[in-house]
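A.B. asks: sequence first, then the predicted structure, then my questions.
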Amino acid sequence: MISLFEIIMLLYIREARRMAEKMKNIYYTPSNPGSYGGKERFQRAIAEETVSRLGDVQVNEWLAEQDAYTLHKPVRKQFSRNIVFSTHPRSQFQADLCDMQALADENDGNRYMLTVIDVFSKIAFVRVLKNKSGAEVTRAFDSILKEGGAPKKVQTDGGVFGIKISMVKQVALAAVVVVMGCVGIIALILTLVQHHLVDLPHRMQYGMVFDAGSTHTSLYMYRWPGNKENNTGVVSQMLVCDVDGDGISSYAQDPPAAGLSLRKCLESALAAVPANQRRETPVYLGATAGMRLLQLQNPTQSDQVLEQVTKVIQGYPFDFRGARILSGMEEGAYGWITINYLQESFIKHTFEGEWVSPKGRKIWGALDMGGSSTQIAFTPGQPVQDPASALGPKLYGYQYEVYTHSYLCYGKEQAMRQLLVHLLKMSRSTRPVKHPCYHLGYNLTLTLGDLYDSPCVARPVTFDPASEVTFTGTSEPLRCLNQIKNIMNLTACSLAPACGFNGVYQPPVSGNFFAFSTYYYTFDFLGLAPQSSLSQATTTIDTFCKRTWDSLKTEYSEKDKYLRDYCASANYIMTVLLDGYKFNQTWGNIYFQRQVADTDISWTLGYMLNLTNLIPSERPLVMTGVQHGQWAAEVFFIAFAVFLSLMVLAILLLWNPRGNTTIDAITL
Ligand SMILES: Nc1ncnc2c1ncn2[C@@H]1O[C@H](COP(=O)(O)OP(=O)(O)O)[C@@H](O)[C@H]1O
Ligand SMILES: [Mg+2]
């Protein structure tokens, strides 16, 4: 007979079993939210499924018996860990030993597990160990390395250490490095010995520029060795041909005659350039202030003149690159380039084959006086304030700032014309008109039509072009100088110190200057070139101006067409240089010169150098040459050295022979 107590106990046991079954179901069913997790989640799941809440003690007891709970229970410890960066497989392995001693009897006496994981690929390796002696761990580790390859580093509880690379790899690397060193040294020796500057076979090259000035036209012919064309100072003047007659602007009424006037010089150019090089010889025609004035007066006529000269030059077998009128700024700037190119101020090519910037960059200024305009160009000591007169050429890798201005109507001929008109105006009705710059005994008669035939002078509203006026010389230098000052506005600059004349902006002159064209002709005639003191210049000019025309005629040929004007032009030059440009303190910096290095100082050379790209904006390259055999050997050894470098890299990164890696001992 079963007692009530027994019945109750039976029911309780049944319920306890059912509950245990239910808990097992919940905990070991992965889809159940309460499975394989913590106590709270498990408790919640039981409550939902059985509608009864089990106490903490009961749940803890049950969970404590479950291996799945006790072994996998997450252990969270807050401690700082080192960040490990791994860039490729086998860059670092992490290894540890698991203590399995408690289960040794059920695992054939294996008491430990060596676990190794590749940090980059997460591939893991496991080996069982009977004990954790050095030999046993090393055996297990060796076996893992055979399977997974040798890592660069191994991280254990004992720290990070490198795996000793195999002897084979060591020897291979050492051999490659030694060979690479030898190859590099051989390549270096080959490169350094027996190299010499290349003087490539070359032939002369030619270039020509017509300077179509206001008073005359000249053809300048230049030549240079073709292999040195970018060197400074190598272009030299071959010959100059003076065109017969006046400047091309004087052919305004008969443009075809302007073209024909050039024939003589084109023929001499034909004779000077070898027949097989004519087609590649560039020819330019640049017209200056005479044509600038004609263009102002009558653009159709100036176009016709340019057309006709173009037609004639095109009839010759040269590489004609056009006829055009240069602006005043261009004329000034090209004169500046010519001077500094000939002086080798931009850059020098040394005998050792190097390019050097001359010390201190002594850049020269250019003073050009033609018949119809006068130009000044220089690199000032201060920034150019007026962009209209600033140029920034980049030559041989260096940026220059050049101030340049061209005074139209202030070339010698037009200035003399202005003086005549001024004297005529001042004379009122006195005839003949006294000319203080002309020599006593000299008379000049000309028609009013000729006198006023220029945009540089103001014509009276009405005048008879055919009526004549006579100017008679008085040899009065002081009056001459004063009257000349009247054709320029010298007071317009009194308020602004950075000023030339006529109110034109000009920074203070700085550096040395070459004064050429009329500056040179006049001062050379007076014996003042290339340099003279200021007092010597004024005395000489004064003495010369006081002379009579008769005494001059006797000493100099009367046929010298410039003789009449030397006194006036000398005084005009003094006024421009001292009162205009303000060379009072720096007079000694001016060199009155026609040529540098046997080449005329003229805008033409700078123009040709620029248009034929003979002045590079960047510093030229120096060419070094080696003999072909040596060059081939250099290429071979350099290529071999590169190949070996790649091999070393490959060995280090990729070559990872399994089985060749050895480990002496590891402590974990
Ligand atoms: N032998 C000389 N003696 C004096 N002056 C000369 C001599 N040869 C040329 N000239 C002067 O040189 C100047 C040359 O100017 P030019 O180049 O024709 O004019 P521009 O450059 O204004 O267009 C003229 O004023 C001319 O009188
Ligand atoms: Mg000129």
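C.D. replies: All right, it came through fine. Ligands and ions are numbered 1, 2, ... in the order given.
A.B. asks: of all residues in the protein, which one is closest to ligand 1?
C.D. replies: Residue of the chain nearest ligand 1, by Cβ to the nearest ligand atom: residue 370 (2.1 Å). For glycine as for every other residue, the C-beta is placed from the backbone atoms N, C-alpha and C.
A.B. asks: list phi and psi for the closest residue to that residue other than its chain neighbours.
C.D. replies: Nearest non-adjacent residue to residue 370, counting by Cβ to Cβ, 6 or more residues apart in numbering: residue 411, 4.4 Å away. When read as degrees, to the nearest 10, the backbone of residue 411 gives phi -70, psi 170.
A.B. asks: how about the residue of the chain closest to ligand 1, what does it touch?
C.D. replies: Neighbouring residues of residue 370 by Cβ atoms under 8 Å, 6 or more residues apart in numbering: 213-215, 288-289, 411-412, 517-518.
A.B. asks: can you tell me the helix or strand for residue 635?
C.D. replies: Per DSSP states H and E, residue 635 falls inside helix 628-653.
A.B. asks: same thing with residue 88?
C.D. replies: Applying DSSP H and E, one finds residue 88 in no helix or strand.
A.B. asks: kindly report the same for residue 416.
C.D. replies: helix 412-426.
A.B. asks: that helix close to ligand 2?
C.D. replies: No: if you take Cβ under 5 Å from the ion as the test, helix 412-426 misses ligand 2, and the best it gets is 10.2 Å.
A.B. asks: which one among the contacts of residue 370 gets closest to ligand 2?
C.D. replies: Nearest to ligand 2 among the contacts of residue 370 is residue 213, at 3.8 Å by Cβ to the ion.
A.B. asks: quick one, what contacts that closest one?
C.D. replies: 247, 288-290, 370-371.
A.B. asks: filter the residues you listed by proximity to ligand 2?
C.D. replies: Within the set of the contacts of residue 213, contact with ligand 2 (Cβ under 5 Å from the ion) is found for 288, 370.
A.B. asks: which members of the contacts of residue 213 occur in strands, if any?
C.D. replies: In strands, defined here by DSSP state E, there are no members of those.
A.B. asks: so which of the contacts of residue 213 comes closest to residue 97?
C.D. replies: residue 288 (98.0 Å; Cβ to Cβ).
A.B. asks: so which residues of the stretch 1-150 of the chain form strands?
C.D. replies: 92-99, 112-118, 124-129 (DSSP state E, counting those that start in this stretch).
A.B. asks: which one of these lies closest to ligand 2?
C.D. replies: Ligand 2 lies closest to strand 92-99 among the strands of the stretch 1-150 of the chain, at 81.5 Å (Cβ to the ion).
A.B. asks: partners of that closest one in the sheet?
C.D. replies: Paired with strand 92-99 in the same sheet, following DSSP bridges, are strand 112-118 (antiparallel), strand 153-156 (parallel).
A.B. asks: could I get these as JSON lines with mean neighbour count?
C.D. replies: Output for the strands paired with strand 92-99, formatted as JSON lines (neighbours: other Cβ atoms under 10 Å):
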{"stretch": "strand 112-118", "mean neighbour count": "19"}
{"stretch": "strand 153-156", "mean neighbour count": "18"}
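A.B. asks: need those strands in JSON lines with mean pLDDT and distance to ligand 2, can you?
C.D. replies: Formatted as JSON lines, the strands paired with strand 92-99 follow (pLDDT from 0 to 100; distance: least, Cβ to the ion, whole Å):
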{"stretch": "strand 112-118", "mean pLDDT": "89", "distance to ligand 2": "85"}
{"stretch": "strand 153-156", "mean pLDDT": "81", "distance to ligand 2": "82"}
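A.B. asks: out of the ones you listed, which comes closest to residue 261?
C.D. replies: With Cβ to Cβ as the measure, strand 153-156 is the member of the strands paired with strand 92-99 nearest residue 261 (90.6 Å).
A.B. asks: hang on, the earlier thing: tabulate the strands of the stretch 1-150 of the chain (JSON lines), appending distance to ligand 1.
C.D. replies: JSON lines is the format used below for the strands of the stretch 1-150 of the chain (distance: least, Cβ to the nearest ligand atom, whole Å):
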{"stretch": "strand 92-99", "distance to ligand 1": "82"}
{"stretch": "strand 112-118", "distance to ligand 1": "86"}
{"stretch": "strand 124-129", "distance to ligand 1": "93"}
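A.B. asks: dump those strands into JSON lines; add distance to residue 4 as well.
C.D. replies: Converted to JSON lines, those look like this (distance: least, Cβ to Cβ, whole Å):
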{"stretch": "strand 92-99", "distance to residue 4": "52"}
{"stretch": "strand 112-118", "distance to residue 4": "55"}
{"stretch": "strand 124-129", "distance to residue 4": "57"}
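A.B. asks: so how far is residue 237 from residue 614?
C.D. replies: Residue 614 sits 14 Å away from residue 237, going by Cβ to Cβ, to the nearest Å.
A.B. asks: and residue 597, what's its pLDDT?
C.D. replies: Note for residue 597: predicted pLDDT of 94.
A.B. asks: my read is residue 249 is in a helix, agree?
C.D. replies: Yes: membership of residue 249 in a helix is supported by DSSP: H, G, I helix; E, B strand; the rest coil.
A.B. asks: isn't it right next to residue 287, touching?
C.D. replies: Yes: if you go by Cβ atoms under 8 Å, residue 249 and residue 287 touch, sitting 7.4 Å apart.
A.B. asks: between the two, which contacts overlap?
C.D. replies: Joint contacts of residue 249 and residue 287 (Cβ under 8 Å, 6+ apart) are residue 212.
A.B. asks: please point out which parts of the helix or strand hosting residue 472 sit buried.
C.D. replies: Using DSSP H and E, residue 472 falls within strand 468-473. By neighbour count on 16 or more other Cβ atoms under 10 Å, the buried set for strand 468-473 is 469, 471-473.
A.B. asks: cool, and stretch 412-425?
C.D. replies: Neighbour-count burial for stretch 412-425, counted by 16+ other Cβ under 10 Å, picks out 412-421, 423-424.
A.B. asks: likewise for stretch 376-389?
C.D. replies: 376-380, 384, 389.
A.B. asks: stretch 169-176 too?
C.D. replies: Buried positions in stretch 169-176, judged by neighbour count with 16+ other Cβ under 10 Å: 169, 172-173, 176.
A.B. asks: show me which of these is closest to ligand 2.
C.D. replies: Taking Cβ to the ion as the measure, ligand 2 sits nearest to residue 176 out of the buried residues of stretch 169-176, at 71.4 Å.
A.B. asks: kindly provide the distance from the closest one to residue 644.
C.D. replies: 5 Å.
A.B. asks: residues of the stretch 351-500 of the chain that sit close to ligand 1?
C.D. replies: Counting by Cβ under 6 Å from any ligand atom, the residues of the stretch 351-500 of the chain close to ligand 1 are 370-373, 411-413.
A.B. asks: 8 Å - rerun?
C.D. replies: Selection of the stretch 351-500 of the chain residues close to ligand 1 by Cβ under 8 Å from any ligand atom yields 368-374, 411-414.
A.B. asks: which of those residues lies closest to ligand 2?
C.D. replies: residue 370 (3.4 Å).
A.B. asks: domain ranges for the chain, per the record?
C.D. replies: As recorded under automatic domain parsing, the domains making up the chain are 4-72, 85-195+642-668, 197-325.
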